[in-house]
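>>> missing the sequence, but the structure's below:
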Ligand code: CTP
């Protein structure tokens, strides 16, 4: 449950493909985020799933017939189209895509779509050869030109028995597209934001490395939130298991040195840089090309000593080469004297803001889905409560926008 879509009216269009059953889950998830969902089904969709399924989930009559006079006071297809904040058609068959790309209005769904003025998302799902057919591709290109956001079908084993592109993406991904489009105010349009996330791995030999427990979740949520708020986001990430947030450009790196190179070659163009990554401070001084054996070289002794050397402080470098008007936000991870040590980092690295977290507090720090941050600037100190990493990311961005004014 969340309130991310509270007060938002969503029109969910369902056309007749086998993936129609997944639309029920999409509907349920949107309702759980607080949306008021109305469903329009084509006649063919009713061969795969019933109108009652959606009615039970969104508590509104499912709309199927333009000439249904159950509510004579309203012209239903116009009323629903006018109140909608977003339209999502999932799954979209080749047939409904063809109708929309040619202005055909011969049923409730295609007729309503001519009347909507809000953002429109469409998720095609069909057999790979149908999807690749030039007629379908031309229709999809035309919808894009007319402002539709086309959610590309996934690849995999299809219900028709073939393998390839054409699968409806999982309901959670479709919901992420909806959230990306309407859950946030677009108050970062025109801003370029660089976010770093995740751990770095410092190799000792081809099988061993030094790293840390960062999952990358905080940095990925910051990138997702900034992108949803309209910013152009570049995410530079250490090894993580996380999916790239919608709309975000991503560069994967492994070591502190690679992160340094990637960040410094893109930093000049950025308006805001947020360094959420947990960068190694030290790396093995020597990297062996072959696996180090217990019985040889550095490992000869009972307990070998591994010589380390300092990595570059990327944030320190950015602070001393800051572009005019650029905003620099660092993270500070401490287990004691959080505020005092974080203030020292703010001064020493010439930062505009530090997001400080004490990893010893319950619900803060690595791997979890929540965090407890204190936002420290030269003249302010804001202690945030325990928040989901999504809410913490948005609170951090709010503070950055406040301080930039
Ligand atoms: N950082 C960096 N390059 C490094 C080390 C840290 O850019 N080689 C950045 C981190 O991404 C973070 C900030 O510096 O935004 C602070 O990291 P933290 O590990 O808390 O502090 P350090 O500066 O490494 O200092 P210490 O280890 O003494 O706490």
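Structure received. Keep in mind it's a predicted model, so treat the numbers as computed, not measured.
>>> quick one: contacts for residue 252?
Counting by CB atoms under 8 Å, 6 or more residues apart in numbering, residue 252 makes contact with 237, 238, 239. C-betas here are computed from N, CA, C, even on glycine.
>>> measure it to residue 244 for me?
Relative to residue 244, residue 252 is positioned 10 Å away (CB to CB, to the nearest Å).
>>> residues contacting the residue nearest the centre of the chain?
By CA atoms, centre = their mean, the chain has its centre lying nearest to residue 245, at 2.6 Å. Residue 245 is in contact with 176, 180, 220, 223, 224, 227, 233, 235, counting by CB under 8 Å, 6+ apart.
>>> just residue 310 next, same as before
Contacts of residue 310 by CB under 8 Å, 6+ apart are 281, 282.
>>> which residues does it bridge with?
residue 282 (DSSP bridges).
>>> tell me the residues of the protein that contact the ligand?
Residues of the chain lying close to the ligand (CB under 6 Å from any ligand atom) are 256, 275, 277, 279, 281, 311, 313-315, 330-333, 345.
>>> write a PyMOL command that selects only the buried members of those residues.
In PyMOL syntax, the buried subset of the residues of the chain next to the ligand is picked out as below (16 or more other CB atoms under 10 Å):
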select buried, resi 256+275+277+279+311+313+314+315+330+331+332+333+345
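>>> out of the residues of the chain next to the ligand, name the ones that lie in helices.
Counting by DSSP state H, the part of the residues of the chain next to the ligand found in helices is 256, 314, 315, 345.
>>> and the pLDDT for the nearest residue to the first one once chain neighbours are set aside?
I take that to be residue 256. Leaving aside its chain neighbours, residue 256 sits nearest to residue 311 (3.8 Å; criterion: CB to CB, 6 or more residues apart in numbering). Here, the pLDDT recorded for residue 311 equals 98.
>>> worst-scoring helix or strand of this protein, pLDDT-wise?
Least confident helix or strand, the chain: helix 76-83 with a mean of 88, by mean pLDDT, DSSP states H and E.
>>> who's in contact with that helix?
Applying CB under 8 Å, 6+ apart, the contact partners of helix 76-83 are 9, 11, 38, 40, 63, 66, 68, 108, 111-113, 115-117.
>>> hmm, 6 Å instead?
9, 11, 38, 66, 108, 111, 112, 115, 116 (CB atoms under 6 Å, 6 or more residues apart in numbering).
>>> got it, and stretch 326-342?
Residues contacting stretch 326-342 (CB under 6 Å, 6+ apart): 272-276, 315, 318-319, 345, 351-356, 358-360, 376, 404.
>>> now, those residues that are in strands?
Of the contacts of stretch 326-342, the ones assigned to strands by DSSP state E are 272, 273, 274, 275, 353, 354, 355, 356, 358, 376.
>>> report the lowest-confidence entry in those.
Among these, residue 358 has the lowest pLDDT, at 84.
>>> just give the nearest non-adjacent residue to it, would you?
Nearest residue to residue 358, sequence neighbours excluded (CB to CB, 6+ apart): residue 338, at 4.7 Å.
>>> repeat that for residue 39.
Per CB to CB, 6+ apart, closest to residue 39 is residue 54, 4.1 Å.
>>> what is the neighbour count of that neighbour?
26 (other CB atoms under 10 Å).
>>> quick one, strands of the stretch 1-150 of the chain?
9-14, 36-41, 86-92, 120-124, 149-150 (DSSP state E, counting those that start in this stretch).
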